[in-house]
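**Student:** Fold the following, please.
(one chain, ligands or ions: 1)
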Amino acid sequence: MEKLVVTGKTHLKGEVIISGAKNAAVAILPATLLVDGICVVENLPNISDVKIYCKILEELGAKIEWIGPNAIKIDTRFISCTSAPLDMTSKFRASYYLIGSLLSRCHHAQVGMPGGCKLGARPIDQHIKGFERLGATVEISSGKITAHADTLVGTSIYMDIVSVGATINIMLASVLAKGTTIIENAAKEPHIVDVANFLNTMGADIRGAGTDVIKINGVDRLPGNANYSVVPDQIEAGTFMLAAVASRGDLIIKNCITKHLEPVTAKIVEMGAFVEDLGGDSLHVWCNKRPTKVNIKTLPYPGFPTDLQPQMGVILSTAEGTSIINESIWESRFQYTEELNKMGAHITAQGKSAFFEGVESLSSSPVYATDLRAGAALIIAGIIAEGSTEIYNLEHIDRGYENIEEKFRKLGAKIERVEDTSC
Ligand code: EPZ
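**Tutor:** Numbering: from 1, shown residues only. Now for the predicted structure:
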């Protein structure tokens, strides 16, 4: 087992280049199954979720060639199988996109119940409702989801709740359906726009992605034969912005879409730190004094992202005054607060709220990443804490951040990945 050893206190300083978005990549890879041709996907983050997805696509009959450290050429003309390997699909959440893609392309899909970060109940009723409205039958038994349709026919689908995954999955399922599908109350996250842009580049006809009404005019075939570059990762960029503030540092964040980061920028400025838009695709973020308390409520885009909530929690642990975070997306996203309390924070989590009584500083302790973003938060906590913090459960972090320790090290952090010999 490996662990990270982070030795604080460091004021981060320098430039960081943001990778392609994990949550766009893990939807675009299954979306390649809709292409009856060859396509090139660039700016793919080199993370374990992407590697697993590539293996699954190969098992389904796709031919993948890595043509650079972050680019693949994928030929999906000869997909031969509609059952995705159960052991691999149950390892992560985004495997549910295989249902929409395979249903659309092959009219049949069998996928293991998706796994992923344990953030509370993660139902998929809205995905299923969408598939059924398009004419599919869906059955769940023995840990598998099986979906089948002789024909998929476009229709109007109103989402009962705003769901990123269900919006993308229904988009995937309806791209090759007969007629027009309208998704109302759709999610608007940047990666939804990115998946729609990818599909349109390959020959689909999707309009309105990024608004709450998405219209998909079914086409007969996606010929592909095009290149697509994955959007920069909003959450990775936000993670480094918040790390700059937490460490009273000074960072230039390069290759980001500043518009996607407005909800984070607004809170950073409210806390008394600084964000300067350098034009193009860069932000300058710095903080020269103890941040002041702020209250946060996580919301679907363009609200404050739940995936940056734990990283923000580290800042609030050491901010002046008492701050409150209300988590409105996930039932159970405050597990990291127990780890921060081990490091000297004063946080009380009650249901979907947590109260952060700011302390002067954190101190080192062995801590456990309970999920991906909790892991990123603990790295930031280690960077600002006195002493050496040991972080365990790195598999969560490796799922979603490319070269995270290398990137932090270039900013001055003292961070090492070592084999844990104690067990
Ligand atoms: C996506 O999860 C992201 N994952 C999550 O990123 C992110 O936290 C989440 O969106 C919210 O932004 C991927 O993109 C792979 P949802 P997803 O469907 O699609 C409820 C990270 O750290 N719901 O928008 O699974 C659900 O329980 C992660 O990168 C239903 O009730 O999230 C939740 O309360 C973790 N029924 C809310 O909706 C459904 O059918 C939003 O979930 C679907 C969802």
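**Student:** make it CA atoms for all contacts and neighbour counts henceforth
**Tutor:** Noted.
**Student:** what's near enough to touch the nearest residue to Leu98 once chain neighbours are set aside?
**Tutor:** Nearest residue to Leu98, sequence neighbours excluded (Cα to Cα, 6 or more residues apart in numbering): Pro30, at 5.7 Å. Contacts for Pro30 (Cα atoms under 8 Å, 6 or more residues apart in numbering) come out as 53, 57, 97-98, 101.
**Student:** Val279 falls within a strand, correct?
**Tutor:** That one is not Val; residue 279 is Gly. No - looking at Gly279 with DSSP: H, G, I helix; E, B strand; the rest coil, it is coil, so not inside a strand.
**Student:** Asn255 versus that one, what's the distance?
**Tutor:** Using Cα to Cα, to the nearest Å, one gets 11 Å for the distance from Gly279 to Asn255.
**Student:** higher neighbour count, those two?
**Tutor:** Taking neighbours as other Cα atoms under 10 Å, Gly279 and Asn255 compare with Asn255 leading, 19 against 8.
**Student:** where's the more buried one relative to the ligand, distance?
**Tutor:** For Asn255, the distance to the ligand (Cα to the nearest ligand atom, to the nearest Å) stands at 19 Å.
**Student:** by contact count, what packs against the host helix or strand of Ser104?
**Tutor:** Using DSSP states H and E, Ser104 maps to helix 97-106. Counting contacts by 3 or more Cα pairs under 8 Å, 6 or more residues apart in numbering; DSSP states H and E, helix 97-106 packs against helix 22-31, strand 108-112, strand 144-148, helix 164-174.
**Student:** ok, is that helix in contact with the ligand or not?
**Tutor:** No - contact of helix 97-106 with the ligand (Cα under 6 Å from any ligand atom) is absent, the minimum separation being 9.0 Å.
**Student:** Centre of the chain to that helix, how far?
**Tutor:** 21 Å (Cα atoms, centre = their mean, to the nearest Å).
**Student:** got the angle for that helix vs strand 108-112?
**Tutor:** Orientation check (axes from the mean of the first three to the mean of the last three Cα atoms, to 10 degrees): helix 97-106 against strand 108-112 gives 160 degrees.
**Student:** Let me know the average pLDDT across helix 97-106.
**Tutor:** The average pLDDT within helix 97-106 is 95.
**Student:** Kindly report the same for stretch 257-276.
**Tutor:** Here the average pLDDT along stretch 257-276 is 97.
**Student:** How far off centre is that stretch?
**Tutor:** Per Cα atoms, centre = their mean, the centroid offset for stretch 257-276 relative to its chain is 19 Å.
**Student:** Check Met113 and give its pLDDT.
**Tutor:** We have a pLDDT of 80 for Met113.
**Student:** To clarify, my last question referred to Ala121.
**Tutor:** Looking at Ala121, the pLDDT reads 66.
**Student:** again, but for the one 3 residues further on
**Tutor:** In the predicted model, Ile124 carries a pLDDT score of 91.
**Student:** which residue ranges form the strands in the stretch 151-300 of the chain?
**Tutor:** With DSSP state E, counting those that start in this stretch as the criterion, the stretch 151-300 of the chain has strands at 156-158, 180-184, 205-207, 213-217, 226-229, 250-254, 274-277, 282-286, 296-297.
**Student:** Distance to Ile38 and mean neighbour count added to these, as a markdown table?
**Tutor:** Shown next, in a markdown table, are those (distance: least, Cα to Cα, whole Å; neighbours: other Cα atoms under 10 Å):
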| stretch | distance to Ile38 | mean neighbour count |
| --- | --- | --- |
| strand 156-158 | 31 | 18 |
| strand 180-184 | 26 | 22 |
| strand 205-207 | 18 | 20 |
| strand 213-217 | 22 | 22 |
| strand 226-229 | 7 | 17 |
| strand 250-254 | 30 | 23 |
| strand 274-277 | 38 | 17 |
| strand 282-286 | 33 | 23 |
| strand 296-297 | 43 | 18 |
